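1. Have a look at this prediction, sequence included:
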Amino acid sequence: MKTYLNKEIDKTKILLAKLTANNLDGILFYSPENRFWLSEFMSSEGYLLFSKTQTTLFLDGRYITDGQAKAKNVTNVAEMITNNPGGFLQMLKEQLIANNINNLGFESNFLTYQHYQVLQKQLAPITLVPVDFSELRAVKTNKEINALAQACAIGDLAIENVLKVIKPGMTEREVEQVIINTFISAGAEKPSFDTIVASGERGALPHGRATERVIQNNELITIDFGCIYNGFCSDTTRTIGVGQPSAKLQEIFQIVYEAQDAAIKAIKPGVLTSTIDQIARDYINSKGYGEYFTHSTGHGVGIEIHEFPRVSPFCQVPLEPGMIITVEPGIYIPNLGGVRIEDDILVTETGYELLTKSDRKLILK
């Protein structure tokens, strides 16, 4: 396993600081992503209770055998199964009382109001305290970075396979199938989102999912794809040309490429995410295409495809070593087409490292 960061993060220390800052006795995680972040076990349903003395993962019968086996490799996690008429919440309440937990933090950025009302009723008289955990997973461990880097490597292989076969006459769905087949054969769990293949005029659709449209000669094709490996997502976009796309299309490709390149080169600890966005946005504006850049420049990526921090004008977060962000400027011109280039970038101790390695320049087939 590659060591990316000199200083490893301590998840227990992070959560203990949350307890102190919010005057809590414990934290209840319900979101699958935060439960996986701490327990390293993914399940669609369950609770994870963190306190100063113990971390308990509550699972139902679908997951208990696998959970018990995997929890042995995770520090300070005890697994439980729903095995009484009261179900999860009765077991949880018993655990809270046994551990003298009176003030219980919950994920205010995830829990629905309806679910909050259920917890409030079932766990009374315990006090529920809303806490924003949206920043919790922003800085990755070396193990997490390695998983995401492998997801990126599988993505690199997928676009390499596309370049071997893409030609006029193929449908967008056929291009998508090459990518998905690569994910399966390379050991990915599944795509991290619905693959985007937008050819010709459809390239003006930032989220143009693959269709049965037949790719024509002299077009650009924007392909946005990613996979999940060991629970972590990759997110890459490449724009490929077939034949000889028009001078206008090649011009906007070069502008997007130069905007992305300038933004990537500015990445280092302490730089604000809004600054990275501004660099890309100002460059595209200076070339007269600002109105056609219609989204933020990027986002964090990890267990979820979109995570904190946002790389946008409205998110002024200093970059830290261990953060992984995307940089993905684009230009989308109705009735003509579009271009987007996207890479996953690790913030290092001194600068950045591209986790996506495939060629970012325009390739004509």
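-> The structure has been received and is ready for your questions. Numbers count the residues shown, from 1 in each chain.
2. Which stretches in the stretch 151-300 of the chain count as helices?
-> 172-185, 247-265, 273-286 (DSSP state H, counting those that start in this stretch).
3. Residue 118 is nearest to which of these?
-> Checking the helices of the stretch 151-300 of the chain against residue 118 by C-beta to C-beta gives helix 273-286 as the closest, at 35.9 Å. (Each C-beta comes from the backbone N, C-alpha and C, glycine too.)
4. Only the buried residues of the closest one, if you could.
-> 273-281, 283-284 (16 or more other C-beta atoms under 10 Å).
5. can you give me the strands for the stretch 201-350 of the chain?
-> For the stretch 201-350 of the chain, the strands defined by DSSP state E, counting those that start in this stretch cover 219-225, 227-229, 232-233, 236-242, 298-300, 307-311, 324-327, 330-333, 337-340, 343-347.
6. got a markdown table for those, with mean neighbour count, mean pLDDT and distance to residue 87 too?
-> Shown next, in a markdown table, are these (neighbours: other C-beta atoms under 10 Å; pLDDT from 0 to 100; distance: least, C-beta to C-beta, whole Å):
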| stretch | mean neighbour count | mean pLDDT | distance to residue 87 |
| --- | --- | --- | --- |
| strand 219-225 | 25 | 98 | 40 |
| strand 227-229 | 26 | 98 | 30 |
| strand 232-233 | 26 | 98 | 31 |
| strand 236-242 | 24 | 98 | 42 |
| strand 298-300 | 25 | 98 | 34 |
| strand 307-311 | 23 | 98 | 31 |
| strand 324-327 | 27 | 98 | 37 |
| strand 330-333 | 24 | 98 | 47 |
| strand 337-340 | 27 | 98 | 46 |
| strand 343-347 | 24 | 98 | 40 |
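7. closest one to residue 142 among those strands?
-> So among the strands of the stretch 201-350 of the chain, strand 343-347 is nearest, using C-beta to C-beta, at 10.7 Å.
8. Following element in sequence after the closest one, please.
-> Next helix or strand after strand 343-347 toward the C-terminus (DSSP states H and E): strand 352-354.
9. contacting residues for residue 158?
-> 178-179, 182-183, 186, 225, 227 (C-beta atoms under 8 Å, 6 or more residues apart in numbering).
10. Apply 6 Å and report the result again.
-> 179, 182 (C-beta atoms under 6 Å, 6 or more residues apart in numbering).
11. Same question for residue 231.
-> 36, 42, 303.
12. what's the lowest-pLDDT member of these?
-> The lowest pLDDT within these belongs to residue 42, which sits at 88.
13. Next one: the spatially closest residue to that residue that is not a sequence neighbour from residue 30, what distance?
-> Of all residues not flanking residue 42 in the chain, residue 36 sits nearest, at 4.6 Å (C-beta to C-beta, 6 or more residues apart in numbering). Using C-beta to C-beta, to the nearest Å, one obtains 12 Å as the distance from residue 36 to residue 30.
14. Likewise for residue 321?
-> Plainly put, residue 321 is 30 Å away from residue 30 if you go by C-beta to C-beta.
15. just residue 179 next, same as before
-> 33 Å.
16. Look at these two and report which has more neighbours.
-> More crowded of residue 179 and residue 30, by other C-beta atoms under 10 Å: residue 179, with 23 against 18.
17. Surely that one and residue 225 touch.
-> Yes - Residue 179 lies in contact with residue 225 (C-beta atoms under 6 Å); the separation is 5.1 Å.
18. any shared contact partners between the two?
-> Both residue 179 and residue 225 are in contact with residue 195, where contact means C-beta under 6 Å, 6+ apart.
19. which residues touch the residue nearest to residue 42?
-> Going by C-beta under 6 Å, 6+ apart, residue 36 touches 42, 231, 303.
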